[in-house]
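In: any chance you can model this:
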Amino acid sequence: MNITIFGAGAIGGVIGAYLVKGGQQVTFVDIAEDHVKEMRSNGLKINMQEDPFTVAVDAYTVDELIEKGEPLDVVFLCVKAQYTKAAVQSFMHLLSPQSMVVSFQNGLCESVIASLIGKERTVGCFVNLFADYMKPGEINYGGIGSVYIGEIDRSISKRVENLVEILSLWGNAKSTDNINGYLWGKIAYGTILTATALTNETIADLLDLPRHRLLFCDLAAEVLAVAESKGISPEGFDDWCPELVFPIENRNHNYIDDQFNKLVSRLRTYTKTKTGIWRDLAVRKRKTEVPDHLTPVIEEGELAGLNMELTKATLKMIVEIEDGKREMSIENLEVLHRIHTNKSQLSMNLKSGQ
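Out: Next up is the predicted model:
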């Protein structure tokens, strides 16, 4: 199996480096010429608390890959969600009927990929890794998470089993017949992480504060309600348990606090303490993939008649920070708290018939 990593940043760089280290044939492709040049000259360096390593890699720019014109077997698509369509369109003419594209991305990118190359060449992937692209040729790997592979038709095929076996070179990858459940479970959790990126605080510090927990639960619950409306059963991972958050009427707040405490303890073992979204805003000064993550969810929710006020406000503030119209501040969470209070009061009034 010849693997092409398309997007050799945080996720693609880490996964690809481990596969190379394990003896797999891997080609790295990235739009950043300086990153490609450094990887060619000095290899790809993965920084970790223990056992950092560097691997020699075959690296190309997108233009160089297209110029080579060689057929692609397996593509691990690891670009930001907003670049999915353009990325696939750039290489789709190099795919054969037997090729497959695996979406190592955040969001609901599988549907975009399938619309371009067909469901039969699209494989779903859930990935939860804490890593950051630091500079050309160098990636910080700050916390091991989970990877699940599954067909978007809910089957576990032979090719899925083969991918899981290869990914064992990275870690404990697993197959699933509910890849959509993992993707929606992550979007719900990701919405909480997005809210933390409105501030300069660490994820663990914010999740550790009891005052924010109900807000975060209700923010995630908006997304989980959309999943329910679509007949999707969200899955949990890495100490995130969506079933404790939604349905709201089934909540046990003692269980929720216990689970948040476990999640915080896990996060405090990671060297990466803030989100990639925060890094895009505060360090790299570039647009995030949040609109591509949340806009489809908001649209689906509103079509189903659901109240998406917290999700809409989170997206709006992220865009305002991107556009230089809002500062990153803990006050942004206070904005969400005020919306949350008003939403809760409205819900109580409706239940009481006022």
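In: what's N250 in contact with, if anything?
Out: By Cβ atoms under 8 Å, 6 or more residues apart in numbering, the residues touching N250 are E243. In this view, the C-beta of every residue, glycine as well, is placed from N, C-alpha and C.
In: ok, it to S115 distance?
Out: 36 Å (Cβ to Cβ, to the nearest Å).
In: ok, P247 next?
Out: Using Cβ to Cβ, P247 is found at 32 Å from S115.
In: any idea which residue sits dead centre in this protein?
Out: Closest to where the C-alpha atoms of the chain average out (Cα atoms, centre = their mean) is N106, at 2.8 Å.
In: quick one: that residue and A81 touch, right?
Out: Yes. Contact status for N106 versus A81: in contact at 6.1 Å, counting by Cβ atoms under 8 Å.
In: between those two, which contacts overlap?
Out: Common neighbours of N106 and A81, using Cβ under 8 Å, 6+ apart, are 289, 293.
In: is it true that E50 lies in a strand?
Out: No. According to DSSP: H, G, I helix; E, B strand; the rest coil, E50 belongs to no strand; its state is coil.
In: that one: what's it in contact with?
Out: With Cβ under 8 Å, 6+ apart, E50 has no contacts at all.
In: how close does it sit to Y141?
Out: Counting by Cβ to Cβ - E50 and Y141 are separated by 10 Å.
In: one more: M328?
Out: M328 sits 25 Å away from Y141, going by Cβ to Cβ.
In: these two - which one has more neighbours?
Out: Neighbours were tallied for M328 and for Y141 using other Cβ atoms under 10 Å; the higher tally belongs to Y141 (23 against 17).
In: could you list the low-confidence segments of this structure?
Out: Where the chain drops to pLDDT under 70, the residues are 346-354.
In: quick check: phi and psi at the closest residue to I203 other than its chain neighbours.
Out: Of all residues not flanking I203 in the chain, T196 sits nearest, at 5.0 Å (Cβ to Cβ, 6 or more residues apart in numbering). Here is the backbone geometry of T196 (degrees, to the nearest 10): phi -70, psi -30.
In: burial of T196, as a residue count?
Out: Applying other Cβ under 10 Å, we find 22 residues neighbouring T196.
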